[in-house]
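Undergrad: Dropping a prediction and its sequence here:
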Amino acid sequence: MGRVVITGGAGFLGSHLCDAFLDRGDEVVAIDNYLTGRAANVAHLGGHAGFTLVEADVIEPFTVDGPVTAVLHFASPASPRDYLAHPVATLRVGSEGTRNALELALAKDARFLVASTSEIYGDPLVHPQPESYWGNVNSIGPRSCYDEAKRYAEAVTMAYRRAHGVDTRILRIFNTYGPRMQVEDGRVVSNFLVQAIKGEPITIYGDGTQTRSFCFVSDEVDGIVRLLDSDVDTPCNIGNPGEFTMLELAELVLEVTGSNSPIVHEPLPEDDPKQRRPDISLATSELGWAPAVALREGLERTAGYFRQELGR
Ligand code: UDP
């Protein structure tokens, strides 16, 4: 049994990770500053003897009493809406926050896993994206606060590995969705589902031919736990290789929700990547991982969650 520190533990992905580690018998210390996380995401763990929730901003140095076996750095805004609203906080949590989390891992002799992203690949010129692709990122565009923070996060993680021997894992997350996303999250799956359920227009940005690959949260969490437990110390893509245009996603959302919402087009955000699909050969061969939840099923489950949220 281990003792796992999860920064961003009250966030969408972080809270599901808390559940996963507690379920297998580990203790969990979740740290969050509630910039985009919510205490409500972990409220059900309040009475759990193995669970501790700490309110702190990891851009300041921090420590945790007692032994720690793993540090998972998940604190960061992740929706473009959020990181565009908080560009400096996003850069700081990806840079100073990652270094502070590495310092904790170093001090505790703990394994370290950083939540990196498919945004490392920018607007990719190689498709699908293998881990060996170095990417095509605009260093001064509106998305750079997130993309460059995560690229730095990978770099500082490798530097701590080389300089201090920290046992590191680098996870590259592709678009993930599911229960506990906020109604106002702003990402495409939550926007489309909420709009469809409310009977409001579905907002496709641009002509809708851009693609993304959507991973249901339970699959993503399974991949993350396997990566942490593995010997894979090079970056590892965890995402669902099923690739859809935003037009296809909108049609599927309308079908799954039985909604009559019209589709409207809005301007395409600057630097919006045209295509994205993970090459998951590494995760499949080294972790024995592949996603199990198809997009339709995942959307049905997520629609059920949003109906509940909107009914509150
Ligand atoms: N998008 C859209 N309508 C929305 C929200 C997003 O068409 O209401 C598009 C967005 O322009 C992008 C894709 O959906 O091409 C995925 O956007 P999201 O913000 O979910 O994540 P990203 O992959 O861009 O980080």
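TA: Happy to help now that I have it.

Undergrad: so who does residue 222 touch?
TA: Contacts here follow CB atoms under 8 Å, 6 or more residues apart in numbering; on that basis residue 222 touches 20, 289, 292. No exception for glycine: its C-beta is placed from N, CA and C like everyone else's.

Undergrad: Mind checking which of the residues you listed are in strands?
TA: Taking DSSP state E, every one of these sits outside strands.

Undergrad: Burial check on residue 103, number of neighbours?
TA: When neighbours are counted by other CB atoms under 10 Å, residue 103 registers 18.

Undergrad: cool, and residue 272?
TA: The local packing of residue 272 (other CB under 10 Å) involves 15 other residues.

Undergrad: Surely it is in a strand?
TA: No. Using DSSP: H, G, I helix; E, B strand; the rest coil, the assignment for residue 272 is coil, not a strand.

Undergrad: looking at this, residue 114 is in a helix?
TA: No. Under three-state DSSP, residue 114 sits outside any helix and is assigned strand.

Undergrad: Number the chain from 821, please
TA: Got it, first residue is 821 now, which makes that one residue 934.

Undergrad: Now for it, how many residues are close by?
TA: 28.

Undergrad: now it: how far from residue 1121?
TA: For residue 934, the distance to residue 1121 (CB to CB, to the nearest Å) stands at 28 Å.

Undergrad: Same check on residue 946?
TA: Note on residue 946: its distance to residue 1121, by CB to CB, is 32 Å.

Undergrad: cool, and residue 986?
TA: Distance, residue 986 to residue 1121, by CB to CB: 37 Å.

Undergrad: who has more neighbours, the two?
TA: Taking neighbours as other CB under 10 Å, residue 986 and residue 1121 compare with residue 986 leading, 20 against 17.

Undergrad: Near the nearest residue to the more buried one once chain neighbours are set aside, how many other residues are there?
TA: Excluding the flanking residues, the one nearest residue 986 by CB to CB, 6 or more residues apart in numbering is residue 980, at 4.4 Å. Neighbour count of residue 980, defined by other CB under 10 Å: 22.

Undergrad: How about residue 864?
TA: Neighbour count of residue 864, defined by other CB under 10 Å: 12.

Undergrad: Can you name every helix or strand that whichever strand or helix holds residue 1010 contacts?
TA: Secondary-structure assignment from DSSP states H and E places residue 1010 in helix 1008-1018. Contact analysis of helix 1008-1018 by 3 or more CB pairs under 8 Å, 6 or more residues apart in numbering; DSSP states H and E lists strand 1022-1025, helix 1066-1077, helix 1115-1131 as its packing neighbours.

Undergrad: Give me the contacts around that helix.
TA: With CB under 8 Å, 6+ apart as the test, helix 1008-1018 has contacts from 995, 997, 1001-1003, 1005, 1020-1023, 1032, 1034, 1066, 1069-1070, 1073-1074, 1077, 1079, 1081, 1119, 1122-1123, 1126-1127, 1130.
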